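Chemist: all I have is the shape, not the residue letters:
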């Protein structure tokens, strides 16, 4: 069964795609265009009532929310490909902790930067410079805590690459490559080494340019 | 081993406490006072570097982020107390989907309401009336989707009470009991029945007034 992934161009969908590659799961992508309004069409809303990507279809099984989807595949294929959840329930707890940190501390400000630096003009509204400044400050504070953490362990959840690191890939790539903010990573020695490590994984290189 | 839970008065900590009661796990609480600055003290920041509750200590094991903690206990004690994750990996996937919906769609606006309606004056800043109005509109749209979902299944993830429902308890209780917004629940027939069901669980009645 090939997993169908909607919206491969978008950051949250790439979180799913890189997980599928890490686990060695075949997939096909269904492009959707947010700007053309594809996400508000009845067919799409029947799959994902909130009108956002990603959503996957795997036979009769439909699932949305990127971090729910990556947990599902990481658990279902635990012993296939990279183990992304840790070896014990305690390790998984720490993985979950750092996935939540990504979701609640890192993602909201980096999402704001993405929208206001990269998409505001395409979406037809003015970039909010105050929000950009505040968001960059928030990301800086989070990265200071990551710097301390990564001085003690190679990856966020311990000495193994996990869903917690993987979840950071898509939007950090945009921060570094598209927003001119690479210094935020490079100014922090351990964050910089961690970024070089996780962003050079073959899985990410396969997924990052998918449209 | 008794689990130590910091900050029992706060909504996100109550998410953890109600889970522990559902699983039949003994705990003790450690009050912290946000307004007095307890969360910014070095001892607390050594446990939780972002300076927020909850955090738990279980012997030598420390974990933070409420939704990571509830996943940890729901999995570790899967067969003890209420099963909060579903019977199959596919059911767990759907539980995770709705936990994520709570975290990303429901929680941010209801948290904004909580801060600006209940805490602004205590924290010494003016309530943002525009944000209150926008947040209420967002919650209404999310509840419309819940109404549709709950017309088809008794609970969010299916016909079983799960972490997805449990995660909604603390802040919805405040919406209903403290913010004068009960009509948002009562105006929606299936949401209203669901709220009566989940909020009358003995676990929640044991936890909701803990300080």
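Modeler: Great, that's in hand. No experiment lies behind these values; they were computed from the predicted model shown. Numbers count the residues shown, from 1 in each chain, chains lettered A, B, ... in the order given.
Chemist: near chain B, which residues of chain A show up?
Modeler: A:49-50, A:61, A:63-65, A:67-69, A:71-72, A:75-76, A:89-90, A:92-94, A:96-97, A:99-101, A:103-105, A:108, A:142, A:145, A:148-149 (Cβ under 8 Å from any Cβ of the partner chain). Every residue, glycine included, has its C-beta placed from N, CA and C.
Chemist: buried subset of those, written for PyMOL?
Modeler: A single PyMOL command is used to select the members of the residues of chain A next to chain B judged buried by 16 or more other Cβ atoms under 10 Å in any protein chain shown:
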select buried, chain A and resi 49+63+64+65+67+68+69+71+72+75+76+90+92+93+94+96+97+99+100+101+103+104+105+142+145+149
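Chemist: now, which of the residues of chain A next to chain B lie within helices?
Modeler: Applying DSSP state H to the residues of chain A next to chain B, the entries found in helices are A:67-69, A:71-72, A:75-76, A:89-90, A:92-94, A:96-97, A:99-101, A:108, A:142, A:145, A:148-149.
Chemist: pLDDT wise, what is the closest residue to residue A:50 other than its chain neighbours at?
Modeler: Distance criterion Cβ to Cβ, 6 or more residues apart in numbering or on different chains; nearest residue to residue A:50, sequence neighbours excluded, is residue B:105 at 6.1 Å. Per-residue confidence at residue B:105 stands at 98 (pLDDT).
Chemist: so what's residue B:105 up against?
Modeler: When contacts are counted by Cβ atoms under 8 Å, 6 or more residues apart in numbering or on different chains, residue B:105 touches A:50, B:138, B:142.
Chemist: ok, and the closest non-adjacent residue to residue A:8?
Modeler: Leaving aside its sequence neighbours, residue A:8 is closest to residue A:29 (3.9 Å, by Cβ to Cβ, 6+ apart).
Chemist: and the gap between that neighbour and residue A:116?
Modeler: The gap separating residue A:29 from residue A:116 is 27 Å, by Cβ to Cβ, to the nearest Å.
Chemist: kindly report the same for residue A:20.
Modeler: On the measure of Cβ to Cβ, residue A:20 and residue A:116 end up 30 Å apart.
Chemist: could you give me the average pLDDT of stretch A:186-199?
Modeler: Computed over stretch A:186-199, the mean pLDDT rounds to 98.
Chemist: please point out which parts of it sit buried.
Modeler: Within stretch A:186-199, the residues that qualify as buried by neighbour count (16+ other Cβ under 10 Å) are A:188, A:190-192, A:194-195, A:198-199.
Chemist: residues in contact with that stretch?
Modeler: Identification of contacts with stretch A:186-199 by Cβ under 8 Å, 6+ apart yields A:143-144, A:146-147, A:150-151, A:154-156, A:161, A:165-166, A:168-169, A:172-173, A:176, A:185, A:204.
Chemist: filter those down to the ones in helices?
Modeler: Among these, the members falling in helices are A:143-144, A:146-147, A:150, A:165-166, A:169, A:172-173, A:176, A:185, A:204 (criterion: DSSP H).
Chemist: looking at those residues, which is nearest residue A:1?
Modeler: Taking Cβ to Cβ as the measure, residue A:1 sits nearest to residue A:166 out of the ones in helices among the contacts of stretch A:186-199, at 22.4 Å.
Chemist: since we're on the closest one, how many residues are nearby?
Modeler: Residue A:166 is surrounded by 28 other residues when neighbours are defined as other Cβ atoms under 10 Å in any protein chain shown.
Chemist: measure it to chain B for me?
Modeler: Using Cβ to the nearest Cβ, to the nearest Å, one obtains 16 Å as the distance from residue A:166 to chain B.
Chemist: residues touching that residue, list them.
Modeler: So residue A:166 contacts A:15, A:18-19, A:22, A:70, A:84, A:198 (Cβ under 8 Å, 6+ apart).
Chemist: one more pass at 10 Å, please.
Modeler: Going by Cβ atoms under 10 Å, 6 or more residues apart in numbering or on different chains, residue A:166 touches A:14-16, A:18-19, A:22, A:70, A:74, A:82, A:84, A:95, A:99, A:102, A:155-156, A:198, A:201, A:203-204.
Chemist: can you check residue A:33 too?
Modeler: A:7, A:9, A:39.
Chemist: you'd agree residue A:80 is up against residue A:26?
Modeler: No: under the criterion of Cβ atoms under 10 Å, residue A:80 is not in contact with residue A:26, lying 12.0 Å apart.
Chemist: which one of those two is surrounded by more residues?
Modeler: For residue A:80 against residue A:26, the residue with the higher neighbour count under other Cβ under 10 Å is residue A:80, and the figures read 12 against 9.
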